[in-house]
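> whatever this is, show me its structure:
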Amino acid sequence: MCLQKFSKITVGAVVISMLAGLAVAAAGGPYKLAYRMKKGQRLNYRMTMTVDQSMEMHGNEMNSNIDGATALHVEVEEVGKEGNITFVYALDSLRTHVKSPQMDSTFRNPEELIGKRNRQTISVLGKKIKSEVVDSVNLSGMLAQAGIGRQSSFQLIELPEKEVRIGDSWTTSQMDTSKQGNLKIVSTPNATYTVAGEVDTLGFKCLRLTYKGTLKIKGEGTQMGMNLFFEGEGPVAGTAYFAPTEGLLVGVISDLNLEATIALTGQMSMTIPQSTSTKTAIVLVK
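Numbering: from 1, shown residues only. Purely as a prediction, here's the structure:
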């Protein structure tokens, strides 16, 4: 074999080796995660939620269950120069079954909630910059009592500032204030996310992000003519699927167990311990 031919083979082998190395590097990162939604884009999500709750009143234990499924859409209104994304979201359909000592009812597409829009502005990393109600919601007594309004919320995960590879972790903590009926709720999550691997799911090449942490809530308001104060804390864990190329949240599965105390004043005064287990799943529908 002549030297020139040998050199070509050697160079070719080196190039192939380098390309293979680049492919491995691309497969394992690094990834610069960011939301990349575009103006005018519409995203459709489906959510399911199961809530098992128990509380003690006057020495008696009361158990209730909420099992629901919703469809919602997200419409991107604007993408700013710095990448901040403004979008509105609203429910397209809702079915919820509530079983408790007070009721055993199924709610389907209540007019008070369907199509009611909320607007959010987030950074490219998913940090909430601004949130506002576009269409006000006035829940009827039974809907408010059943706590149906909580299923209209939509929350994106917060992404890391630095590039990440498989096995890397980051921690998020961002206080959020929301209103459900006459209740003002302040939630403080603290979670650590870990890039667990790469998967193909729902037609996307995604990073599988596992997370665990705690959630603290505190709130006050009025319900059934009484003043209500509550606070609680509990562990949260789950898995999120993020498509880095498209910059989209593809799915989230979460599990929250919350121990809370509710204090009532007014027509009657009492303190109620409450335990709540909530399982939620959200997936992007193409």
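
> got a list of contacts for the helix or strand hosting Ser275?
Per DSSP states H and E, Ser275 falls inside strand 270-285. Outside strand 270-285, the residues that touch it by Cβ atoms under 8 Å, 6 or more residues apart in numbering are 43-58, 71, 202, 204, 230, 232, 234, 248-264. Where C-beta positions appear, they are placed from N, C-alpha and C, glycine not excepted.

> restricted to strands, list those residues.
43-57, 71, 204, 230, 232, 234, 248-264 (DSSP state E).

> just the buried ones from those, in ChimeraX syntax?
Of the ones in strands among the contacts of strand 270-285, the buried ones go into a single ChimeraX selection, burial set by 16 or more other Cβ atoms under 10 Å:
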select :43,45,46,47,49,51,53,55,204,230,232,234,248,249,250,251,252,254,256,258,260,262,264
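
> let me see the contact set for the spatially most central residue of the chain.
The centre of the chain sits closest to Gln155, judged by Cα atoms, centre = their mean, with a distance of 4.0 Å. Shown in contact with Gln155 (Cβ under 8 Å, 6+ apart): Asp176.

> hang on, it in a helix?
No. Judged by DSSP: H, G, I helix; E, B strand; the rest coil, Gln155 forms no part of a helix; its state is coil.

> all strands of the protein, in order?
42-57, 60-79, 85-99, 104-108, 118-122, 128-133, 169-172, 176-180, 183-201, 204-223, 226-243, 248-265, 270-285.

> which of those sits closest to Arg36?
Set against Arg36 and scored by Cβ to Cβ, these come closest in strand 248-265, at 7.4 Å.

> list the neighbouring strands of that closest one plus their orientation.
Using DSSP bridges, the strands paired with strand 248-265 are strand 226-243 (antiparallel), strand 270-285 (antiparallel).

> name the nearest residue to Gln223, ignoring sequence neighbours.
Once flanking residues are discounted, Gln223 sits nearest to Asn182: 6.2 Å by Cβ to Cβ, 6 or more residues apart in numbering.

> I'd say the one you found and Thr222 touch.
Yes. Because the distance of 4.7 Å satisfies Cβ atoms under 8 Å, Asn182 is recorded as touching Thr222.

> for burial, what's the neighbour tally of Ser105?
For Ser105, the count of nearby residues is 13 (other Cβ atoms under 10 Å).

> cool, and the one 4 residues further on?
Here the neighbour count serves as a burial measure; for Asn109 (other Cβ under 10 Å) it reads 13.

> same deal with Asn138?
Asn138 has 9 nearby residues by other Cβ under 10 Å.

> not including adjacent chain positions, what is the nearest residue to it?
Glu112 (6.2 Å).

> you'd agree that neighbour is up against Leu94?
No. Between Glu112 and Leu94 there is no contact under Cβ under 8 Å: 10.2 Å.

> tell me which of the two has more neighbours.
Leu94 (20 against 16).

> once you drop chain neighbours, what's closest to Leu207?
Phe242 (5.2 Å).

> for Pro30, give me its contacts.
163-165.

> about what we covered before: quick one: the residue nearest to Leu207 from Val79, how far?
18 Å (Cβ to Cβ, to the nearest Å).

> neighbour count for these two, which is higher?
Phe242 (25 against 19).

> Leu202 against Gly251, yeah?
Yes. Counting by Cβ under 8 Å, Leu202 does reach Gly251; the two are 6.6 Å apart.

> shared neighbours of those two, anything?
Shared contacts of Leu202 and Gly251, counting by Cβ under 8 Å, 6+ apart, come down to 241, 283-284.

> out of those residues, which one sits closest to Val133?
Looking across the shared contacts of Leu202 and Gly251 and measuring by Cβ to Cβ, the closest to Val133 is Leu284, at 24.2 Å.
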